[in-house]
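S.K.: predicted model and sequence follow; I will ask about them next.
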Amino acid sequence: MDRRGASGCGSSAHKPAVLAVSVGGRRILSAVNPAAEALGLLPGLTLADARARVPGLDVANADPEGDAAALLRLAQWCGRYSPWTVPHGADSVLLDITGCAHLAGGEDRLGAALFERLARRGIGARLGIADTIGGACAIARGGGHAVNIVAPGATRDALAALPVRALRLGGEMAAALERLGLRHIGDLYRLPRAALAQRFDAALMTRLDEALGEEREALSPLPPAPPRWTRRQFAEPIAARDSIEAAIRVLLESLCRSLGEEGLGARLLVLTLHRVDGESASLAVGTARPNRDAAHLMRLFAERIERIDPGLGIEDMMLAARRAEPLGARQLALPRAGQDGVTADDAAMLIDRLANRLGARSVGRLVPRAAHLPERAQHFVFAFATGGDAFRADQPRPVRLLPFPEPIEAIAPVPDDPPLNFRWRRRLHRVARAEGPERILGEWWRGEREAELLRDYYRVEDEDGRRYWLFRAGLYRPDAAARWFLHGLCA
């Protein structure tokens, strides 16, 4: 599994596409999409062999570190189904659902719910449930369904018809077994173990025994997240606003200190109050960016304290950081040299106050998104939404980007030159200066047509001093007129 979609190259890719990584001076396939797999390309094959088999193969560079980080986040997310989860290899997550399946209505319902949630997140996956770790991995890799469940005690029979590659073997060992005619796991059952161990590496027998449960395989789950909450109980119930504010301030200072020790900042704080009459109430405060400034967070709570009904008095108060993100040490007291105007921290604090006063869904912002095409490079989110990639800083961008590129009529002297003039919205503009081209390729994993994948962008200035961002779509074709579009307005 790769962050770009199912099987590593996008669930909608109808063309053969692969991801490649450099290993020992060679380029090796690390993931293939279904179209490439159907043509016999598998992870572990060299890129040179793959291109020889499939000319015109789409190739992209793999990002093992980014994929490992994404897999870790996915394993943590799977904690809603089992407290014992851990990334496994480069493309799998293991869950020990012993004693957990009945909470979801059984193994079949748990598997279906997990698969549906993953699909809604845009993650293509195959699930396997079996008595052993090796058996579950094998049935997930070699099974023919989205969710493959092996009945208790039936692992040996269920694995017999699966390909030997499902045993988590190296590509070279699996290929050697297939050359000898040992294509299915059941073919290994009938052969003498001593002969197999002598001919192949001991890992073959280890993987087989692990899958069949004849050798124990340990699962070391991710450590639980440290508790990020603090609590205060009162000898005498409190009801006055000043007392409630003082208690919240003490809780915030304690929680912010513990978050600072972990290098984290709060994104969502929940205050729970227990009254003497047995009733409880809660108050939530969110932040646009990670924050552990107790004074700022106290201001957010202070604006909402009037919503608290203390009743006959509050005897117990708990403050928890339901969501926290990394936040490194920063200088808060002194401004940096040359820093004028509103800083990013000032803007974030303003967003916090507006969103907590008006509602989190009443305030929004644009965040960057990792996309090649400029119109997809940002999207609107609500104030407290997480995520967002880094904006491209290697090339300038217009101050105003049109929602969609608008077609224009342009005249260029030769195919690769900027236009001499162009007509946009019925007005003719004569170009005085131009820079470019900057070539931007589209996102082939979305299944877009070849003609829509390539754009050559130019920054042009007309005779009146107005600046525009234009592009020519597609490669030059002598039998067709060039297609020009205006995409943005520059400062």
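M.R.: Sure, I can see it. Remember, predicted model here, so these are calculated numbers, not experimental data.
S.K.: mind checking what helix or strand follows the lengthiest strand in the chain in sequence?
M.R.: Longest strand of the chain, by residue count under DSSP state E: strand 427-441. Counting by DSSP states H and E, the next helix or strand C-terminal to strand 427-441 is strand 454-462.
S.K.: does anything pack onto that following strand? Which helices or strands?
M.R.: strand 427-441, strand 467-473 (3 or more CB pairs under 8 Å, 6 or more residues apart in numbering; DSSP states H and E). In this view, the C-beta of every residue, glycine as well, is placed from N, C-alpha and C.
S.K.: who's in contact with it?
M.R.: Strand 454-462 has contacts (CB atoms under 8 Å, 6 or more residues apart in numbering) with 373, 396, 416, 418-419, 422, 429-442, 467-475, 487, 490.
S.K.: gap between it and the chain center?
M.R.: Between the centre of strand 454-462 and the centre of its chain there are 32 Å (CA atoms, centre = their mean, to the nearest Å).
S.K.: so what strands line up beside it?
M.R.: Neighbouring strands of strand 454-462 in its sheet, by DSSP bridges, are strand 427-441 (antiparallel), strand 467-473 (antiparallel).
S.K.: can you give me the mean pLDDT across that strand?
M.R.: Averaging the model's pLDDT scores along strand 454-462 yields 92.
S.K.: show me which residues of that strand are buried.
M.R.: For strand 454-462, burial by neighbour count (16 or more other CB atoms under 10 Å) applies to 455-462.
S.K.: give me the element the spatially most central residue of the chain is part of.
M.R.: Nearest to the geometric centre of the chain sits Ala70, at 5.7 Å (CA atoms, centre = their mean). Take DSSP H and E as the rule and Ala70 turns out to sit in helix 64-77.
S.K.: what is that helix packed up against?
M.R.: Against helix 64-77 (3+ CB pairs under 8 Å, 6+ apart) you get strand 85-88, strand 92-95.
S.K.: just want to check the distance between Leu454 and Arg376.
M.R.: Distance, Leu454 to Arg376, by CB to CB, to the nearest Å: 16 Å.
S.K.: let me fix that: Arg353
M.R.: Going from Arg353 to Arg376 by CB to CB gives 31 Å.
S.K.: how about the strand or helix carrying Ala194: buried residues?
M.R.: Using DSSP H and E, Ala194 sits in helix 193-199. Residues of helix 193-199 classed as buried under the neighbour-count rule (16+ other CB under 10 Å) are Leu196.
S.K.: same question for stretch 77-84.
M.R.: Quick answer for stretch 77-84 (16+ other CB under 10 Å): 78, 81-82, 84.
S.K.: just the CA trace of it, in PDB.
M.R.: Presented in PDB, the C-alpha positions along stretch 77-84 are these (Å, rounded to 0.1, in the frame of the first residue of the first chain):
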ATOM      1  CA  TRP A  77      -5.700   5.100  13.600                       C
ATOM      2  CA  CYS A  78      -6.500   1.400  13.600                       C
ATOM      3  CA  GLY A  79      -6.400   1.600  17.400                       C
ATOM      4  CA  ARG A  80     -10.200   2.100  17.300                       C
ATOM      5  CA  TYR A  81     -10.500  -1.600  16.500                       C
ATOM      6  CA  SER A  82      -7.800  -3.100  18.700                       C
ATOM      7  CA  PRO A  83      -5.400  -1.800  21.300                       C
ATOM      8  CA  TRP A  84      -2.700  -4.000  19.700                       C
END
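S.K.: check contacts around Ala136.
M.R.: With contact taken as CB under 8 Å, 6+ apart, Ala136 is in contact with 94, 128-130, 150.
S.K.: tabulate those in JSON lines, adding columns for neighbour count.
M.R.: Shown next, in JSON lines, are these (neighbours: other CB atoms under 10 Å):
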{"residue": "Leu94", "neighbour count": "20"}
{"residue": "Gly128", "neighbour count": "23"}
{"residue": "Ile129", "neighbour count": "20"}
{"residue": "Ala130", "neighbour count": "24"}
{"residue": "Val150", "neighbour count": "22"}
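S.K.: of the residues you listed, which is the nearest to Pro237?
M.R.: Here the nearest of the contacts of Ala136 to Pro237, counting by CB to CB, is Leu94; it sits at 47.8 Å.
S.K.: pLDDT value on Arg323, please?
M.R.: At Arg323, pLDDT is 88.
S.K.: that one and Leu94, how far apart?
M.R.: Arg323 sits 25 Å away from Leu94, going by CB to CB.
S.K.: could you point out which residue ranges in this structure have low pLDDT?
M.R.: Along the chain, segments meeting pLDDT under 70 span 1-13, 225, 329-344, 386-394, 444-452.
S.K.: okay, the biggest helix by length in it in CSV with CA atoms only?
M.R.: Ordering each helix of the chain by length in residues (DSSP state H) puts helix 241-262 first. Extracted in CSV, the C-alpha atoms of helix 241-262 (Å, rounded to 0.1, in the frame of the first residue of the first chain):
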residue,chain,number,x,y,z
ARG,A,241,-16.9,32.4,38.3
ASP,A,242,-13.6,33.6,39.9
SER,A,243,-13.1,30.2,41.5
ILE,A,244,-13.9,28.4,38.3
GLU,A,245,-11.5,30.6,36.3
ALA,A,246,-8.7,30.1,38.9
ALA,A,247,-9.2,26.3,38.7
ILE,A,248,-9.1,26.2,34.9
ARG,A,249,-5.9,28.4,34.9
VAL,A,250,-4.2,25.9,37.3
LEU,A,251,-5.2,23.0,35.1
LEU,A,252,-4.0,24.8,31.9
GLU,A,253,-0.6,25.6,33.3
SER,A,254,-0.1,22.0,34.4
LEU,A,255,-1.3,20.5,31.1
CYS,A,256,0.8,23.0,29.0
ARG,A,257,3.9,22.0,31.0
SER,A,258,3.4,18.3,30.3
LEU,A,259,2.7,19.1,26.6
GLY,A,260,6.0,21.1,26.5
GLU,A,261,7.9,18.1,27.8
GLU,A,262,6.6,16.1,24.9
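S.K.: need the contact partners of it.
M.R.: Residues outside helix 241-262 that contact it (CB under 8 Å, 6+ apart): 226, 228-232, 234, 238, 265-266, 269, 271, 292-294, 297-298, 301-302, 305-306, 308, 310, 314, 317-319, 321, 324, 327.
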